[in-house]
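Asker: Sharing a sequence plus its predicted fold:
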Amino acid sequence: MTLYLGVMSGTSLDGIDIALVAQEGTHTRLLGTHYLPMPAGLRIDLLSLCSPGPDELVRAALAEQQWVRLAAQGIGSLLERQGIEPTRIRAIGSHGQTVRHHPAQGVTIQIGNPALLAECTGISVVSDFRRRDLAAGGQGAPLVPAFHQTLFADDNSRRAILNIGGFSNLTLIEPGKPVYGFDCGPGNVLLDAWIQHQQGAEFDRDGAWAASGKVQPALLQTLLGDPFFLTHGPKSTGRELFNMDWLSRQLAKLPAMAPVDIQATLLELTAASTVNALQAIQDKTDELLVCGGGAHNLALMGRLAALLPATRVASTEAYGIPPDWIEAMAFAWLAHCCLESIPANRPSVTGARGPRILGAIYPA
């Protein structure tokens with residue numbers, strides 16, 4: 001049994017997830033977790049780096065130092081609670097924080113100063129997982145489908161794994177076929193942005209506000225008309241495309257409508273874009289397993305189930321894997337793959353020219 005830590009900070013910018021896992025052969029087992037809410041000031045700094053601005057290089061360097069020290073604090077707390085010395089951890093797999101992702105231009109930027117993280121924790125760090133795939137002609141994302149395959153592959157059923165964070169990505173697993181996956185559109189990013197803009201709330205708990213509104217068909221069709229939704233994978237996306245400016249441009253094309261109805265329509269956008277993408281590729285899906293923060297959105301889960309009446313829709317909790325921790329576990333697994341020289345991308349997912357060993361190693 002070899003111990004790893006996975007550190008994940010997603011596009012929602014709500015906090016840092018840390019997972020302690022045991023790697024036993026090909027099996028990855030979750031041993032412990034720790035969550036650190038993102039301080040408001042750091043969240044503002046990181047969000048500002050997602051679009052052009054003055055003095056970006058220095059601002060990014062300062063922000064990633066704060067991010068690292070926060071992550072190191074969380075790692076220390078988790079290991080102390082588990083009674084584990086840092087020397088027992090083989091490596092930390094750190095995703096860092098994505099601030100730009102332009103795969104068509106060969107650009108993806110994650111900040112997170114892995115050298116400083118190794119210095120602060122006394123543990124080797126594996127980071128920078130996306131750029132090798134990008135260098136091989138891939139999208140650099142999503143990377144988690146390969147890990148989904150290790151967790152959920154089944155010889156008797158066709159499964160899809162839906163990760164709903166700030167953005168949504170699908171993994172399609174069918175017996176006898178290579179794993180397939182791609183980003184399918186906004187997950188929580190527009191829902192969170194709209195309720196923050198209208199009510200000052202961080203997110204729409206259980207999708208309750210959205211559920212109290214009415215979907216506006218004209219707005220939904222306008223949103224679904226974005227070219228991103230009309231293409232198949234491999235593809236990936238981020239805040240560079242789906243953001244408040246994008247939403248404002250779509251709203252400007254139509255008569256004014258109630259804010260709550262816009263929220264209802266944004267929730268339907270997440271559900272409908274997911275189901276459209278799934279059905280375009282996999283005509284029959286036995287199970288849709290949902291992970292990420294969106295698994296807790298009761299209204300969204302209800303819409304997915306309604307749109308897929310012949311498919312069992314459930315949280316990954318149904319298989320004993322908490323939905324909030326799969327991505328952090330994945331980056332621990334990616335660190336393991338790097339150190340064992342195991343290719344961890346899937347060309348069928350990212351479009352890379354072939355399998356590649358991902359990550360850069362920063363020894364303790």
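Answerer: Done, it's in.

Asker: On the three-state scheme, Pro142 is what?
Answerer: coil (DSSP: H, G, I helix; E, B strand; the rest coil).

Asker: quick one: contacts for it?
Answerer: Contact analysis of Pro142 by CB atoms under 8 Å, 6 or more residues apart in numbering lists Asn163, Asn169, Thr171, Gly181, Phe182, Asp183, Ser236, Val349, Thr350. For every residue, glycine as well, the C-beta is placed using N, CA and C.

Asker: Check what pLDDT it gets.
Answerer: You'll see Pro142 listed with a pLDDT of 90.

Asker: ok, Leu31 - contacts?
Answerer: Counting by CB under 8 Å, 6+ apart, Leu31 has contacts Leu3, Leu20, Val21, Ala22, Gln82.

Asker: tell me the mean pLDDT for the strand or helix carrying it?
Answerer: Element membership for Leu31, per DSSP states H and E: strand 27-37. Strand 27-37 carries an average pLDDT of 96.

Asker: mind listing what's buried in that strand?
Answerer: By neighbour count on 16 or more other CB atoms under 10 Å, the buried set for strand 27-37 is Thr28, Leu30, Thr33, His34, Leu36.

Asker: Could you give the separation of it from the chain centroid?
Answerer: 16 Å (CA atoms, centre = their mean, to the nearest Å).

Asker: Can you spell out which helices and strands pack onto the helix or strand following that strand?
Answerer: Tracing the chain C-terminally past strand 27-37 and defining elements by DSSP H and E, one meets helix 40-48 next. When contacts are defined as 3 or more CB pairs under 8 Å, 6 or more residues apart in numbering; DSSP states H and E, helix 40-48 packs onto helix 56-82.

Asker: The helix or strand following the helix it packs on vs helix 56-82, what angle?
Answerer: Where DSSP H and E defines the elements, the next helix or strand beyond helix 56-82 is strand 89-102. Put simply, strand 89-102 runs at 150 degrees to helix 56-82, going by axes from the mean of the first three to the mean of the last three CA atoms, to 10 degrees.

Asker: beta partners for Val107?
Answerer: Beta bridges link Val107 to His102, judged by DSSP bridges.

Asker: Understood, closing this out.
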